[in-house]
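> just a sequence and a predicted model for now, questions to come.
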Protein chains: 2
Amino acid sequence: MIDFPGIENLTRKTSSRILLVVIDGLGGYFDNATNNSELEDARTPNLDNLAGESACGLSIPVDHGITPGSGPGHLSLFGYDPIKYQVGRGVLEALGLGFELNANQIAIRGNFALSNAEGVITDRRANRISSEISSNLVKKLSNILLPGFQTDVELIRDHRFLLVLTSENIAPNYYPFVSDTDPGLNGLKPLACEPTYPETIKIADAINSFVTQTRNLLRDNQQANTILLRGISKVPKFPSMQEKYKLNPIGIAAYPMYLGLAKLAGMEIVGENTDFAAEIESLKTVIKVDEHDFFFLHYKPADTAGEDGDRKAKILALEEFDKFIPAIKDIGADVLVIAGDHSTPAILAAHSWHSVPFLINTSFTKADGQGSFSEKEFRGGSLGLIKAKSIMMLALAHAGKLKKFGS
Amino acid sequence: MIDFPGIENLTRKTSSRILLVVIDGLGGYFDNATNNSELEDARTPNLDNLAGESACGLSIPVDHGITPGSGPGHLSLFGYDPIKYQVGRGVLEALGLGFELNANQIAIRGNFALSNAEGVITDRRANRISSEISSNLVKKLSNILLPGFQTDVELIRDHRFLLVLTSENIAPNYYPFVSDTDPGLNGLKPLACEPTYPETIKIADAINSFVTQTRNLLRDNQQANTILLRGISKVPKFPSMQEKYKLNPIGIAAYPMYLGLAKLAGMEIVGENTDFAAEIESLKTVIKVDEHDFFFLHYKPADTAGEDGDRKAKILALEEFDKFIPAIKDIGADVLVIAGDHSTPAILAAHSWHSVPFLINTSFTKADGQGSFSEKEFRGGSLGLIKAKSIMMLALAHAGKLKKFGS
């Protein structure tokens, strides 16, 4: 179920339109020098003004202390309980490559790795070999035959690859249905892939055969002589935003993984967008002509800068986003939600568990008393500190799309 | 279970007394002209002073974005999880009429409606015909015979009526056990009542027979020629406040529906009270002589004004309530809780999902730093933004009625 039990009995179709803008890695943390977060040091006059006319709060992406990946970070914002609706790493990598998976396909994340004469892993990432080297190894792996399975091997980047097995509907929809071969640490031997259920023995056998054949092929290779597989998964079938919310949703993003996540929620994908400016143009075109009532836009640069540990770049990315606010407001959605999938503090150079500011703007939301868009200010917002999965409920409420509960 | 698992092992009987005063529709929203909520514009010096000596917070009646009806709004404040403890609309209407339901009775909310020659509903509310007209139709329906069932039809108001079927213990306690005949929209045909479980076929058959007979009776009636039934339900058996909290509770309200909800929680009902002043007098009388330790008082006018979209009347209703505070304090309960079942912002002229201020006052609670009773001030209260179902736990704690959990 999406967040609230029986939500499909509470939602109603209306003409109002919701625009959800996700600033990837929006939240930050205090810098030693300035004692301010990136948002607090960024000059964001448009966001600050918007905060003054909005209902504001802080969101916890998954749970206290949990640092989310992109999958749970976004699914939460689409209203899915991220603990219940999990996406395997293999599927997420496939989505990231724009690889369209169907119900007969199993997606697996692979690492090229190094092991010693005893088979003990000495480097799980094979010295992070270049994509150039990896692409040659990928070609070799593409020759492996598995009776009953079609295999596709695709380079992701550096030591990372995607393995897709296709066979007639043999894998169940739950995850995980077989275990990883990657033990997660150097100094250990790769694990055999084990079936989690009796009906997944064939899949485990095929995967173990793939690994054995790979080792034979790479035996004398100096750069990488083995592989590690994990996140062996099928594209999940989640209840859709159409079913649960009676929405007709559209997803617009520049990166395939976010489009893939949008598709998991039932969104239609629009345009080939190279950056956020292009996304807005796509939205402007589509919102004029159609009957869609939910739009998801994705802004990436803040996360990228945060992951790089580049505080200045993150501040700049937030300031650049701020300049888009007039264009975003011009779109004229009835409910505008600005939120983040997680924090990416530059000081940590990684995703983090810290809570993330969000706001909901409509023609009737009023000054929450928060005149600045920041982590510190939004602590006092009227929406409080809430799980990110509830933001969608608030958006639906503000859009008049939720009937009264009980009499 | 009531809110906390195993609560009956934590609660203990003490002599302390809790008074819960529910201001119906207490919460509001910002007005365009003043940028203040109704509470912020109301002059409430007594509530403001009380806030300065209390623990304060904001409550979410059911969940983020969910707009509650009176049932879930009140059950939450009595400590029941409103998602788990749902009351059918039929039962709630019966409670509202003061109709005493027993375990052999099924309560159904009916609408007089209009349909065209093809049987398609053209008006689900039959132009909201007057109670005068309806009462004649109710008389006609009272002649319908259902073998094995006693039928009672009661006018609610305008196009609304209550149908009660009585038969020996044939309906299960869960809800819904048969489906509605009301499709919820004009332009559709009424639905057949369908059993949700095999053992409810007889009930569905009886209801379908009632509908068919009604159509035959009303065939040539211009004002209403059909009926729509929904919320087909039995009075639920909830764990009581006696069982779970070891309380000996009393409910005092001027409107039957709230008394009915109090009864669902196991409260004893006192007095026939025409308004809040009369409720207080009833309370004064009862508290002198007996061993009760929990008292629920209900104040209705704020909700009525909010529903009417009458901001001035709502402010006035809050100001009028404020004048009762000295009398409420004089009663001398050990723990005084002032809370609301939901918000009813005048600007929306309806119940809403917005969070609601609440306070807990005892001889040892201290200024929370909140010198004013309002939505904005209470954001910073020590009790935070919490689900309304937890307020009862806080009341029990403040009353010394909760033992230590674990060692």
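All right, it came through fine.
> so which residues of the stretch 251-400 of chain A form strands?
A:268-269, A:294-299, A:335-339, A:356-361, A:384-387 (DSSP state E, counting those that start in this stretch).
> in JSON lines: those, plus mean neighbour count and distance to chain B.
All C-beta atoms are positioned from the backbone trio N, CA, C, and that covers glycine. What follows is the strands of the stretch 251-400 of chain A, written out as JSON lines (neighbours: other C-beta atoms under 10 Å in any protein chain shown; distance: least, C-beta to the nearest C-beta, whole Å):
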{"stretch": "strand A:268-269", "mean neighbour count": "16", "distance to chain B": "24"}
{"stretch": "strand A:294-299", "mean neighbour count": "26", "distance to chain B": "15"}
{"stretch": "strand A:335-339", "mean neighbour count": "25", "distance to chain B": "11"}
{"stretch": "strand A:356-361", "mean neighbour count": "27", "distance to chain B": "10"}
{"stretch": "strand A:384-387", "mean neighbour count": "18", "distance to chain B": "4"}
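> in TSV, list the ones you listed along with mean pLDDT.
Compiled in TSV, the strands of the stretch 251-400 of chain A are given as follows (pLDDT from 0 to 100):
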stretch	mean pLDDT
strand A:268-269	92
strand A:294-299	98
strand A:335-339	98
strand A:356-361	98
strand A:384-387	96
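> okay if I get those strands as CSV plus distance to A:Gly110?
Formatted as CSV, those follow (distance: least, C-beta to C-beta, whole Å):
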stretch, distance to A:Gly110
strand A:268-269, 27
strand A:294-299, 27
strand A:335-339, 33
strand A:356-361, 32
strand A:384-387, 34
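> where in the stretch 251-400 of chain A is pLDDT low?
By pLDDT under 70, the low-scoring segments of the stretch 251-400 of chain A are A:367, A:369.
> no no, the stretch 51-200 of chain A
Those would be A:169, if you go by pLDDT under 70 across the stretch 51-200 of chain A.
> show me where it has strands.
A:55-60, A:105-115, A:121-123, A:150-157, A:160-166.
> what does chain A put close to chain B?
A:3-5, A:10, A:364, A:366-367, A:369, A:380-386, A:390-391, A:393-398, A:402-407 (C-beta under 8 Å from any C-beta of the partner chain).
> which members of those are classed as buried?
Among those, those scoring as buried are A:3-4, A:10, A:366, A:380-384, A:386, A:390-391, A:393-398, A:402, A:404-407 (criterion: 16 or more other C-beta atoms under 10 Å in any protein chain shown).
> quick check: bridge partners of the residue nearest to A:Ser135 when sequence neighbours are not counted?
Of all residues not flanking A:Ser135 in the chain, A:Leu155 sits nearest, at 5.1 Å (C-beta to C-beta, 6 or more residues apart in numbering or on different chains). For A:Leu155, the beta-bridge partners are A:Phe161 (DSSP bridges).
> so which residue of the stretch 101-250 of chain A comes closest to chain B?
A:Tyr245 (11.3 Å; C-beta to the nearest C-beta).
> which residues touch that residue?
A:Ile2, A:Ile7, A:Thr11, A:Gly79, A:Phe294, A:Met392, A:Leu396, A:Lys401 (C-beta atoms under 8 Å, 6 or more residues apart in numbering or on different chains).
> test my guess that the fourth one contacts A:Glu243.
Translated: A:Gly79. No. Counting by C-beta atoms under 8 Å, A:Gly79 stays clear of A:Glu243, with 11.8 Å between them.
> between the two, who's got more neighbours?
Neighbour count, other C-beta atoms under 10 Å in any protein chain shown: between A:Gly79 and A:Glu243, A:Gly79 has more, with 26 against 14.
> thinking again about what came up before, check the gap between the residue nearest to A:Ser135 and A:Tyr258 for me.
21 Å (C-beta to C-beta, to the nearest Å).
> what of A:Pro183?
The value you get for A:Pro183 to A:Tyr258, if C-beta to C-beta is used, is 31 Å.
> is A:Thr200 in contact with A:Ala171, as I believe?
Yes. Between A:Thr200 and A:Ala171 there is a contact under C-beta under 8 Å: 6.8 Å.
> overlap of the contact sets of these two?
Joint contacts of A:Thr200 and A:Ala171 (C-beta under 8 Å, 6+ apart) are A:Phe177.
> make a markdown table out of the strands of the stretch 51-200 of chain A and add distance to B:Ile60 and mean neighbour count.
Compiled in a markdown table, these are given as follows (distance: least, C-beta to C-beta, whole Å; neighbours: other C-beta atoms under 10 Å in any protein chain shown):
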| stretch | distance to B:Ile60 | mean neighbour count |
| --- | --- | --- |
| strand A:55-60 | 12 | 25 |
| strand A:105-115 | 39 | 25 |
| strand A:121-123 | 49 | 18 |
| strand A:150-157 | 43 | 16 |
| strand A:160-166 | 43 | 21 |
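> list the contacts of the longest helix seen in chain A.
Criterion DSSP state H: the longest helix present in chain A is helix A:201-218. Helix A:201-218 has contacts (C-beta under 8 Å, 6+ apart) with A:106, A:108, A:137, A:140-141, A:143-144, A:146, A:148-149, A:151, A:163, A:165, A:167, A:170-171, A:177-179, A:181, A:190, A:192-195, A:224-227, A:229, A:232.
> still on that earlier bit, pLDDT score assigned to the residue of the stretch 101-250 of chain A closest to chain B?
In this model, A:Tyr245 is scored at 97, pLDDT.
> any idea how far it is from A:Thr11?
Relative to A:Thr11, A:Tyr245 is positioned 5 Å away (C-beta to C-beta).
> do A:Pro147 as well
A:Pro147 is 48 Å from A:Thr11, by C-beta to C-beta.
> higher neighbour count, the two?
Legend: neighbour count by other C-beta under 10 Å for A:Pro147 and A:Thr11, higher for A:Thr11 (21 against 7).
> my guess is the more buried one contacts A:Leu396. True?
Yes. Judged on C-beta under 8 Å, A:Thr11 makes contact with A:Leu396 at a distance of 6.5 Å.
> any shared contact partners between these two?
In contact with both A:Thr11 and A:Leu396: A:Tyr245, A:Leu402, using C-beta under 8 Å, 6+ apart.
> grab the nearest non-local neighbour of A:Asn36.
A:Asn36's closest residue in space is A:Phe30 (C-beta to C-beta, 6+ apart), at 6.4 Å.
> next, count neighbours for A:Gly271.
17.
> tell me the spacing between A:Thr11 and A:Lys237.
From A:Thr11 to A:Lys237 the distance is 20 Å (C-beta to C-beta).
> what number of residues lie near A:Lys312?
11.
> which ones are touching it?
By C-beta under 8 Å, 6+ apart, A:Lys312 has no neighbours at all.
> what's the answer for the one 4 residues further on, then?
Shown here is A:Leu316, whose contacts under the criterion C-beta under 8 Å, 6+ apart are A:Ala42, A:Ala305.
> now swap in the one 3 residues further on and tell me
With contacts defined as C-beta under 8 Å, 6+ apart, A:Glu319 is in contact with A:Ala42, A:Arg43, A:Thr44.
> list the neighbouring strands of the helix or strand just after the longest helix of chain A plus their orientation.
Scanning forward in sequence from helix A:201-218 by DSSP states H and E, the next helix or strand is strand A:226-233. Paired neighbours of strand A:226-233 in the sheet (DSSP bridges): strand A:105-115 (antiparallel).
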